[in-house]
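> Predicted model follows, preceded by the sequence.
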Amino acid sequence: MTLSPGKRARLERVSNEEGVIAALAIDQRSALRTLFAKAKGVAPEEIPGVMLEQFKEKVSRVLTAHASAILLDPEYGLPAARERAQTCGLLLAYEQTGYDKGVAGRLPRLLDAWSARRLVGAGADCIKVLLYYSPFSATSVNNMKQAWVERVGAECEALDVPFFLELVVYHDQMDEKSLAFARIKPETVVGSLTEFSKPQYGVDIFKIGFAVNLAFVGEGGGDFAYTRAEAREHLRRAGAAAGKPFIYLSEGVSNHMFAEALGLAAEAGVRYSGVLCGRATWQDGAEIYAKSGTEALEEWLRSVGVENIRRVNEQLRGATTWRHVYGKAAKESAR
């Protein structure tokens with residue numbers, strides 16, 4: 001499988017020296033507002049945009065020295081992009097936050113005032129969109145989502161910029177944190193990766209959650225969805241289903257649980273190519289910022305935040321560069 005020189009150069013900018021993506025995600029908007037609102041005891045709509053900007057700036061300023069890239073949104077994240085370390089690449093999100101709950105199917109929407117070209121003009125090395133997807137949804141719903149991904153892929157292809165597709169799997173009328181969903185999650189992840197690995201979508205890197213819910217890994221049945229051996233096999237199957245390199249997202253779990261999940265993936269021999277880790281790194285700092293301000297946040301980031309990102313980075317010793325799929329650059333191959 002080949003990659004254009006332009007896309008390869010941009011992927012290198014968001015990777016570490018080993019070709020592994022050790023990226024920090026903070027493109028959250030509505031989720032971040034909710035965290036602030038809960039800490040302050042107010043409604044999310046009462047949280048001003050400047051709070052999102054300030055928080056992202058502080059996180060970027062302190063933590064990007066330990067990351068190969070940062071994922072931000074162009075709505076509130078551009079000031080933070082300017083604060084990142086010089087060695088840190090930039091991914092920008094292209095989708096609107098959340099989805100319209102009044103419309104069935106969790107349909108995706110792009111930012112109205114942005115295009116792939118404008119994101120590149122704002123400094124993006126790579127472009128990311130998030131898609132809620134279930135292979136078991138109605139065909140009419142999935143047709144719309146598939147066409148949407150094709151359009152984004154075509155935009156990125158025309159600009160020679162890498163396309164990251166973040167797949168968030170779900171099932172209609174099912175709580176994604178439930179035991180019932182944990183039992184079908186492996187097939188949901190495998191089916192989603194199988195579909196979007198097809199060439200018409202133009203995906204270069206997948207951003208995906210683990211094919212298992214670690215909270216339901218255990219022995220003896222009952223409230224467990226899978227044994228540890230079964231969990232390893234599910235992770236291997238999902239990895240095999242991905243026709244493109246993939247990186248893991250933290251899905252809002254704790255830093256320790258995310259590190260444990262990465263350890264399980266390494267134990268299973270999964271050839272994942274890094275992480276785009278968000279809340280598992282900085283989530284606890286949101287309450288500190290909302291209650292005590294920027295100085296308290298910066299103190300927390302320089303201690304606990306740095307420890308969190310280092311813990312994740314240590315687990316990336318089990319990751320495999322995306323170059324194993326796309327091959328070495330021409331000048332490297334000639335040596």
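Right, received. Where do you want to start? Computed from a predicted model, the values in this text were never measured in an experiment.
> OK, contacts around the nearest residue in space to Gly278 that is not next to it in sequence?
Nearest residue to Gly278, sequence neighbours excluded (Cβ to Cβ, 6 or more residues apart in numbering): Ala25, at 3.5 Å. For every residue, glycine as well, the C-beta is placed using N, CA and C. Shown in contact with Ala25 (Cβ atoms under 8 Å, 6 or more residues apart in numbering): Ile70, Leu71, Leu249, Ser250, Leu276, Cys277, Gly278.
> residue ranges for the strands of the chain, please.
Along the chain, counting by DSSP state E, strands occupy 21-25, 69-72, 89-93, 126-133, 163-169, 205-208, 246-249, 274-277.
> counting contacts, what elements does the second one pack onto?
Spelled out, it's strand 69-72. strand 21-25, helix 49-63, helix 78-82, strand 89-93 (3 or more Cβ pairs under 8 Å, 6 or more residues apart in numbering; DSSP states H and E).
> These: which one's closest to Ala319?
strand 21-25 (8.2 Å; Cβ to Cβ).
> about what we covered before: closest one to Gly41 among the helices and strands packed on strand 69-72?
Proximity to Gly41 (Cβ to Cβ) singles out helix 49-63 among these, at 14.5 Å.
> mind checking how far the residue nearest to Tyr289 when sequence neighbours are not counted is from Pro162?
Leaving aside its chain neighbours, Tyr289 sits nearest to Leu297 (4.0 Å; criterion: Cβ to Cβ, 6+ apart). Using Cβ to Cβ, to the nearest Å, one obtains 31 Å as the distance from Leu297 to Pro162.
> So between those two, which is more surrounded?
Neighbour tally, Leu297 and Pro162, criterion other Cβ atoms under 10 Å: the higher count belongs to Pro162, 27 against 24.
> got a markdown table for the strands of the chain, with distance to Gly305 too?
Converted to a markdown table, the strands of the chain look like this (distance: least, Cβ to Cβ, whole Å):
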| stretch | distance to Gly305 |
| --- | --- |
| strand 21-25 | 10 |
| strand 69-72 | 13 |
| strand 89-93 | 19 |
| strand 126-133 | 22 |
| strand 163-169 | 22 |
| strand 205-208 | 21 |
| strand 246-249 | 18 |
| strand 274-277 | 12 |
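> Sketch out the low-pLDDT regions of the stretch 151-300 of the chain for me.
For the stretch 151-300 of the chain, applying pLDDT under 70 flags the ranges 220-221.
> Please repeat the previous calculation with a cut-off of 90.
173, 219-223, 250-254 (pLDDT under 90).
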